[in-house]
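Trainee: here is my input; please provide its structure:
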Amino acid sequence: MTGTTTGVSWTQWTLEPIALLAIVVVGGLYLRGGAQGSAAPDQRRRGAALGAALVLLGIAVMSPLDVAAGRLASAHMVQHLLLGLVVAPLLVLAAPGPRVLRAVPRDVVARGMRIGRVLRIVPGPAWWRRMDVAWLANIAVLWGWHAAVPYDAALRNELVHVLQHGSWLLAGWLWWRVVLRHRTAQPGIRLLFVFTTAMATVFLAALMTFAGTAWYDGYRGIADTTGLTPLADQQLAGALMWVPGGLVYPATALWLLVGWLRAIDLESQQPRAAA
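Mentor: Reported below is the predicted structural model:
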């Protein structure tokens, strides 16, 4: 994807070698790992989640949506929302790591584990399990890539664009892993984790939606080809960030709250059952 002023085509697909390689390798190793090990009771559900994640990843970065994202900030926003709010949680739910590793040669896994131990510079839990790392990564990616200079760089340079989407997906995976898998964190802390992320997202969305000038030079020529001015396109992108965020984050917080109340109810019933 590169910024351009030509018309938007909704039938043009692109070939993204890095994304295609990742999809094929992960999918292939997952299938091979399943053939080498016993299937867990929930393996079918996890396999469906991984399949959906890989398909949606391909749609996000290789479908006409990717072509449109080079011309419209609103289409680019749909890409980011798809990666961060749909693909990332599906990958967390799929948890393909153990099954994929079964298909990797043991010496390769051993070398990878040694490298992983070296990378654990900070004491305590591994960095990818830490709530503070997940929160900071998500906020940094969200705000950093929507600043004008890095955003325009991603429109001009394909490698920067790949880095943008890769970091977006990684930050989303870290964030959703805390929400969906972090069993040791206090429920109140997890609710605060979601709430503060929601506020940061809504604030950025409001800035984009109510901005008086367009932020990105890469979309300057779109009025002649799409009927949208750069400012109107940016405002639409901000609204797209605002509305899904306004649905996903409160729904996630409600899910956490219901789980918290159920846990409290179960704990209160245990003394009565013992009596």
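Trainee: burial count for Ala148?
Mentor: Neighbours of Ala148 under the rule other CB atoms under 10 Å: 12. To be clear about C-beta, it is placed using only N, CA and C from the backbone, and glycine gets the same treatment.
Trainee: same check, this time on the one 3 residues further on
Mentor: The criterion is other CB under 10 Å. On that basis, Tyr151 has 21 neighbouring residues.
Trainee: gap between it and Met62?
Mentor: 21 Å (CB to CB, to the nearest Å).
Trainee: pLDDT score assigned to the closest residue to Val141 other than its chain neighbours?
Mentor: Spatial nearest neighbour of Val141, excluding adjacent residues (CB to CB, 6 or more residues apart in numbering): Ala171 at 4.1 Å. pLDDT for Ala171: 95.
Trainee: show me where the stretch 101-250 of the chain has its helices.
Mentor: Assigned by DSSP state H, counting those that start in this stretch, the helices in the stretch 101-250 of the chain fall at 106-119, 131-144, 148-156, 158-181, 187-209, 223-226, 230-274.
Trainee: deepest-packed of those, please.
Mentor: The highest average neighbour count among the helices of the stretch 101-250 of the chain, using mean count of other CB atoms under 10 Å, belongs to helix 158-181 at a mean of 20.
Trainee: dump it to CSV, keeping only the CA atoms.
Mentor: C-alpha atoms of helix 158-181 as CSV (Å, rounded to 0.1, in the frame of the first residue of the first chain):
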residue,chain,number,x,y,z
GLU,A,158,6.1,-0.3,2.1
LEU,A,159,8.5,-1.5,4.7
VAL,A,160,7.3,1.1,7.2
HIS,A,161,3.8,0.1,6.3
VAL,A,162,4.5,-3.5,7.2
LEU,A,163,6.1,-2.4,10.4
GLN,A,164,3.0,-0.3,11.2
HIS,A,165,0.7,-3.2,10.7
GLY,A,166,3.0,-5.7,12.5
SER,A,167,3.3,-3.4,15.5
TRP,A,168,-0.5,-2.8,15.5
LEU,A,169,-1.2,-6.5,15.5
LEU,A,170,1.5,-7.3,18.2
ALA,A,171,0.2,-4.5,20.5
GLY,A,172,-3.4,-5.8,20.0
TRP,A,173,-2.3,-9.3,20.9
LEU,A,174,-0.5,-8.2,24.0
TRP,A,175,-3.5,-6.1,25.1
TRP,A,176,-6.1,-8.8,24.5
ARG,A,177,-3.9,-11.4,26.1
VAL,A,178,-4.1,-9.4,29.4
VAL,A,179,-7.9,-9.1,29.1
LEU,A,180,-8.7,-12.6,28.1
ARG,A,181,-5.9,-14.7,29.6
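Trainee: and that helix with helix 187-209, angle?
Mentor: Between helix 158-181 and helix 187-209, the angle comes out at 150 degrees (axes from the mean of the first three to the mean of the last three CA atoms, to 10 degrees).
Trainee: average model confidence for stretch 92-106?
Mentor: For stretch 92-106, mean pLDDT is 82.
Trainee: dump it to CSV, keeping only the CA atoms.
Mentor: Coordinates of each C-alpha in stretch 92-106 appear next as CSV, following Å, rounded to 0.1, in the frame of the first residue of the first chain:
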residue,chain,number,x,y,z
VAL,A,92,-5.4,-14.9,21.7
LEU,A,93,-8.5,-17.2,21.8
ALA,A,94,-6.8,-19.6,19.4
ALA,A,95,-3.6,-19.8,21.5
PRO,A,96,-1.8,-21.7,18.6
GLY,A,97,1.6,-21.6,20.2
PRO,A,98,1.8,-25.1,21.8
ARG,A,99,0.4,-26.8,18.7
VAL,A,100,2.7,-24.8,16.4
LEU,A,101,5.7,-25.6,18.5
ARG,A,102,5.0,-29.4,18.2
ALA,A,103,5.6,-29.1,14.5
VAL,A,104,8.9,-27.2,14.9
PRO,A,105,12.2,-29.3,15.2
ARG,A,106,13.2,-29.6,18.8
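Trainee: tell me which residues of that stretch come out buried.
Mentor: Within stretch 92-106, the residues scored as buried using 16 or more other CB atoms under 10 Å are 92-96, 99-103.
Trainee: that older thread, between the helices of the stretch 101-250 of the chain, which one is closest to Trp215.
Mentor: Nearest to Trp215 among these is helix 148-156 (4.9 Å), distances taken as CB to CB.
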